[in-house]
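Visitor: Take a look and give me a structure for this.
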Amino acid sequence: MTACKCCGQTSTLAGLVDFSRCGADVHAGKKIDPYAGWPVYFYRCGSCGFTFTRALDKWRTEDFAAHIYNDDYVRHDPDYLGSRPQSNADMIMNNMGRMKEQISLLDYGSGMGMMTEILGKNGFASVASFDPFSSTQRPERQFNMVTCFEVFEHVHDPLDLVKDINSFLSPDGALLFSTLLCPQQIVDDGLHNWWYCAPRNGHISFYTLPALTALATHFALRVHSFNDGLHAMYRPHVAEWLKPFIPAQDEVPELPSATAGHGQS
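Guide: Here you go, the predicted model:
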């Protein structure tokens with residue numbers, strides 16, 4: 001047993017996956033890379049449902065760079081340099097394009113910064129990128145919109161992640177992020193059978209809506225899920241760009257059209 005990283009409650013063993021499991025295996029529909037012989041044990045919180053490993057908790061940035069985010073990473077995540085940045089930029093342009101001169105946007109965990117490059121070319125006046133592995137110069141200001149696509153599942157310390165993102169949010173700011181939720185049925189069917197559970201890709205943390213809510217509560221943020229892959233964290237005073245997508249009580253939200261959270265990463 002161990003303590004949950006989101007809510008602190010008791011978490012018990014829920015499955016194990018060989019570290020070598022990766023996107024290349026998923027794309028091929030069979031085992032491509034050789035087994036590493038390193039079983040990565042996953043725990044699931046009995047309270048909020050957060051599913052996670054402690055196998056990488058003591059890794060340094062240099063360890064992640066050497067064993068996951070190295071020159072071979074793109075082979076496991078072919079959408080990383082192409083379709084994902086474009087589809088995420090399209091979603092933002094289609095849903096927030098009318099506010100492009102009012103939005104100051106930081107793409108957190110941006111990879112090579114391709115999404116913000118696309119937005120800048122399409123009239124978004126204030127965009128920036130930050131990634132601890134590929135774009136390490138931290139912005140020195142706050143933003144009213146932070147995006148964080150396919151990052152939450154990569155971190156071994158979700159509290160530290162949200163704390164850092166929160167430091168970039170202006171008083172009227174909000175976070176739009178993608179990560180695929182992990183219902184109990186996924187665990188019952190075996191994490192080793194779930195395409196999204198791929199330690200070699202860096203996929204080591206899997207959330208439920210209660211887990212995200214518990215995480216946000218630490219920072220006086222609220223959570224809204226548009227679907228099982230796209231979510232927002234926001235202050236009680238909702239950011240202007242987010243207001244059209246947060247429904248009034250008992251109303252059904254109009255969902256942004258996005259595939260974020262369902263592509264390989």
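Visitor: This structure: helices as residue ranges?
Guide: Along the chain, the stretches classed as helices by DSSP state H are 23-28, 61-67, 73-76, 83-96, 114-121, 158-168, 184-189, 209-217.
Visitor: Relative to residue 8, which of those is closest?
Guide: helix 209-217 (8.5 Å; CB to CB). Bear in mind the C-beta positions are built from the backbone N, C-alpha and C, glycine included.
Visitor: Mind exporting the C-alpha coordinates of that closest one to CSV?
Guide: C-alpha atoms of helix 209-217 as CSV (Å, rounded to 0.1, in the frame of the first residue of the first chain):
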residue,chain,number,x,y,z
LEU,A,209,-12.6,13.1,-12.4
PRO,A,210,-12.5,12.8,-8.6
ALA,A,211,-8.7,12.6,-8.8
LEU,A,212,-8.5,15.7,-10.9
THR,A,213,-10.9,17.4,-8.5
ALA,A,214,-8.8,16.4,-5.5
LEU,A,215,-5.7,17.7,-7.2
ALA,A,216,-7.3,21.0,-8.2
THR,A,217,-8.6,21.6,-4.6
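Visitor: Return the distance of residue 99 relative to residue 235.
Guide: According to CB to CB, to the nearest Å, residue 99 and residue 235 sit 18 Å apart.
Visitor: Pick out whichever of those two has more residues nearby.
Guide: residue 235 (19 against 15; other CB atoms under 10 Å).
Visitor: quick one, what contacts that one?
Guide: Residues in contact with residue 235 (CB atoms under 8 Å, 6 or more residues apart in numbering) are 169, 171-174, 220-222.
Visitor: what about 7 Å?
Guide: Going by CB atoms under 7 Å, 6 or more residues apart in numbering, residue 235 touches 174, 221.
Visitor: Residue 209 versus residue 181, what's the distance?
Guide: According to CB to CB, residue 181 and residue 209 sit 7 Å apart.
Visitor: more crowded one of these two?
Guide: Counted by other CB under 10 Å, residue 181 and residue 209 do not tie: residue 181 has more neighbours, with 19 against 16.
Visitor: pLDDT wise, what is residue 262 at?
Guide: At residue 262, the model reports a pLDDT of 41.
Visitor: export the helices of the chain to CSV and tack on distance to residue 36?
Guide: Below are the helices of the chain laid out as CSV (distance: least, CB to CB, whole Å):
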stretch, distance to residue 36
helix 23-28, 12
helix 61-67, 10
helix 73-76, 13
helix 83-96, 26
helix 114-121, 30
helix 158-168, 24
helix 184-189, 22
helix 209-217, 27
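Visitor: mean pLDDT lowest for which of these?
Guide: helix 73-76 (a mean of 78).
Visitor: how much distance is there from stretch 145-157 to the middle of the chain?
Guide: Put simply, stretch 145-157 sits 3 Å off its chain's centre (CA atoms, centre = their mean, to the nearest Å).
Visitor: what does stretch 28-45 give?
Guide: Stretch 28-45 sits 20 Å away from the centroid of its parent chain (CA atoms, centre = their mean).
Visitor: Endpoints of that stretch, how far apart?
Guide: Terminal residues of stretch 28-45 are spaced 32 Å apart (CA to CA, to the nearest Å).
Visitor: Show the contacting residues for residue 100.
Guide: Contacts of residue 100 by CB under 7 Å, 6+ apart are 123-125.
Visitor: Which of these ranks first by neighbour count?
Guide: residue 124 (23 neighbours).
Visitor: Roughly how far does the nearest residue to that one once chain neighbours are set aside sit from residue 121?
Guide: Distance criterion CB to CB, 6 or more residues apart in numbering; nearest residue to residue 124, sequence neighbours excluded, is residue 100 at 4.5 Å. Distance, residue 100 to residue 121, by CB to CB: 11 Å.
Visitor: do residue 227 as well
Guide: 28 Å.
Visitor: Tell me which of the two has more neighbours.
Guide: More crowded of residue 227 and residue 121, by other CB under 10 Å: residue 227, with 16 against 10.
Visitor: State the pLDDT value of the more buried one.
Guide: Looking at residue 227, its pLDDT stands at 94.
Visitor: contacting residues around residue 69?
Guide: 133, 202.
Visitor: give me every residue that touches residue 25.
Guide: 31-33.
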